[in-house]
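Q: model this:
(2 chains, ligands or ions: 1)
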Amino acid sequence: MENPIKTYTLPDEKGHFEIFGGQYVPETLIPALSELKELYNTLKQDGAFTEELSQILKSYAGRPTPLTYANRISEELGFHVYLKREDLAHTGAHKINNVLGQILLAKRMGEKRIIAETGAGQHGVATATAAAKFGFPCTIYMGTEDIERQKLNVFRMELLGAEVIPVSSGSCTLKDAINEAIRDWITNVETTYYLIGSVVGPHPYPMIVRDFQSIIGKETKIQFKDITNGDQAPDTIVACVGGGSNAIGIFHTFLSDNVRLVGVEAAGKGLKTDKHAASITKGSFGVLHGSASFILQSEDGQITLPHSISAGLDYPGVGPEHSYLKSIGRVEYASATDDESISAYIWLSEKEGILPALESAHALSFLRSPDNGIHSGENVVICLSGRGDKDVQTVAEFLGRDI
Amino acid sequence: MNRIQQLFKKPGGKLIPYVTAGYPSLNLTTKLVLAMEKGGADMIELGLPFSDPLADGPVIQASSQVALKNGVNTQWVLEQVEIIRKSSQIPITLMGYINPILKYGYNKFFFDCQQVGVDGIIAPDLPIEEAKDFVLLSKSNNISPILLVAPNTPNDRIRTISQMAGDLVYCVAILGVTGEKLSKEATLVKYLSRVRENSNTPFIVGFGIKTHQDVERINRLSDGAVVGTSFVEKLRDSNHPEKTVLKYVKELKGVK
Ligand SMILES: Cc1ncc(COP(=O)(O)O)c(C=O)c1O
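A: Down below sits the predicted model:
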């Protein structure tokens, strides 16, 4: 199929990716969003700012992260699998890339306090980490259900000096944590920076988070050439999609290249059940958390409760840019169930000596799907968005093991 | 002219109670509206419940959850307005987050609103950047789009918002969600005088208004006071909902 993207300049001035995106928020937040947008547009052209960010990504976050050839699974599958190792970034996931970028914005804006939401706890840990490093007080909103399944990360955040506020409304997961964070921001908008963790929310967040995460794809492009002695680009890139930040991060640089891009959503207990989090595959057009996108909703437009064993994917929406990329056919979206992901988690651990995050295990599981359309001999890059230590408890429980 | 346009032609501050449709139970909504009117309310704000109301504090959030559990949807709320219209001409505005309205379909929504006798729509998560079609369709169905202003909205933007709205503007009294405390007098005076200078439409004020004194203060500075969280709280704790709202409306108006 011909690539529908020649040059790519979205979003437009108002944050739209055609019908997706925008700023569906209370008026109170508009001045803060405008200020953020203006500052960001200035700073992204400012050499001193970009230099400061790339220094800290290198010296503090440990970038560039390696691109690892996964020889044993490649052998099994009959095509070449490379892992982009975001699990090796400081704090154990890609989330730190975005957090360090935004915390520098917060510093320039003279904000006094940082708030964030978290699902798996990875974004919360990354935010608490950066807040500690830059001396900001930090409040993290987290659903009570996620607190239960990600205890390790809750304690990590507390050790890092953050206050973790349990959210027990709605589904008690990421969606509700975002609601509470937005309410806090509305109330404290004059002193507080809302450090959103994925390519979701009102403009300019989806754009800013994408830009900060696009380092993943930029590094991959260079590293792939190095490893393969000048091969153009990988044939296929696969990433998991919760809000969609690691996926956009690795896809963005390749959008106008001849590379097949696949996002993998959480199919939970199966797409035929109502227990999944596949907003693109099974959702419909709507507005959630400040932007228009595909969302999981009832016939009456009420947001429905998603399900995934992976807290980081357990969200009834998706970043607006993904909905756009789906609508023009540039990115394919597949899904993986809880069972398939657990099995991929164990598979990678045993065969490559890497415990992947359950989120990333969704992307891995695509490799094993019989109708994935990958030809033998192809070069495939997987965004290994995070490490799996945080999920050990969940996996043990799933397997009925007491640890 | 719709009922809102007529109401705000008359001078003097108005009292506008809010209640979440379908709260505390389905059979009460029409009765509560009529009781509020009987108590002396000038206009009613009827909440379309939403699963994720991010401009609302815990009290209205909880009322929305109850209403949704009771089975409320947009269609049902419109039917209640139709029933109310058999015996009342009180101006009614709906307050609803944009997703359920989008899902219902803008065209059908505004058409149906007009058919049943709704006069205005407030969508708290729809700033002017996203409101073009909403405003156009609203006006072409003779319904007032009631756009919002906040304490941190700059003057030129207040002018744009009020021009776009045309009939009525809703000023959020505080930086915060519903149910929080009203600001100090000096802050309110400064804010609402700024709105008065820049708005070419009447404006009402809501968030944090609870007492007769609050209503008087607000009405000296604006064209109407909306009381929401307090009504919901009183309903939550009451065994005689109709009596409770009737009495509370009178109390807010300072009528014995
Ligand atoms: C390791 C990891 N991968 C992926 C995700 C999903 O987020 P996104 O889709 O924004 O990359 C998360 C979210 O918590 C995560 O922790």
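Q: distance of the residue nearest to residue B:247 when sequence neighbours are not counted from chain A?
A: Leaving aside its chain neighbours, residue B:247 sits nearest to residue B:39 (7.3 Å; criterion: CB to CB, 6 or more residues apart in numbering or on different chains). The way it works is simple: take the backbone N, C-alpha and C, and place the C-beta from them, glycine included. Distance of residue B:39 to chain A, computed by CB to the nearest CB, to the nearest Å: 30 Å.
Q: so who does residue B:39 touch?
A: By CB atoms under 8 Å, 6 or more residues apart in numbering or on different chains, the contact set of residue B:39 is B:245-250, B:253, B:255.
Q: most neighbours, which of the residues you listed?
A: For these, neighbours were counted by other CB atoms under 10 Å in any protein chain shown; the highest total belongs to residue B:245, with 26 neighbours.
Q: can I assume it sits in a helix?
A: Yes. With DSSP: H, G, I helix; E, B strand; the rest coil as the criterion, residue B:245 is part of a helix.
Q: that older thread, what two of the contacts of residue B:39 are the furthest from one another?
A: For the contacts of residue B:39, the maximum inter-member distance is 13.8 Å, found between B:245 and B:255 (CB to CB).
Q: mind pulling up the phi and psi values for the residue of the stretch 1-150 of chain B found nearest the ligand?
A: Closest approach between the stretch 1-150 of chain B and the ligand, counting by CB to the nearest ligand atom: residue B:52, at 19.0 Å. Dihedral angles of residue B:52 (phi, psi; degrees, to the nearest 10) stand at phi -130, psi 70.
Q: Please tell me how far it sits from chain A.
A: Distance, residue B:52 to chain A, by CB to the nearest CB: 5 Å.
Q: so what's the residue in the stretch 51-200 of chain B positioned nearest to chain A scoring on pLDDT?
A: Residue nearest to chain A within the stretch 51-200 of chain B (CB to the nearest CB): residue B:103, separated by 3.0 Å. For residue B:103, the pLDDT comes out at 98.
Q: Pull the contacting residues for it.
A: A:286, A:297, A:299-301.
Q: about what we covered before: so how many other residues sit close to the residue of the stretch 1-150 of chain B closest to the ligand?
A: 24.
Q: Quick one: residues contacting it.
A: Going by CB under 8 Å, 6+ apart, residue B:52 touches A:170, A:175-176, A:179, A:288-289, A:303, B:97.
Q: Now render those as JSON lines, adding distance to the ligand.
A: Listed next are these as JSON lines, based on distance: CB to the nearest ligand atom, whole Å:
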{"residue": "A:170", "distance to the ligand": "18"}
{"residue": "A:175", "distance to the ligand": "13"}
{"residue": "A:176", "distance to the ligand": "15"}
{"residue": "A:179", "distance to the ligand": "17"}
{"residue": "A:288", "distance to the ligand": "15"}
{"residue": "A:289", "distance to the ligand": "13"}
{"residue": "A:303", "distance to the ligand": "18"}
{"residue": "B:97", "distance to the ligand": "24"}
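Q: what distance separates the lowest-mean-pLDDT helix or strand in chain A from the middle of the whole chain?
A: Lowest on mean pLDDT, DSSP states H and E among the helices and strands of chain A sits helix A:144-149, with a mean of 90. Remark: helix A:144-149 is offset 19 Å from the chain centroid, using CA atoms, centre = their mean, to the nearest Å.
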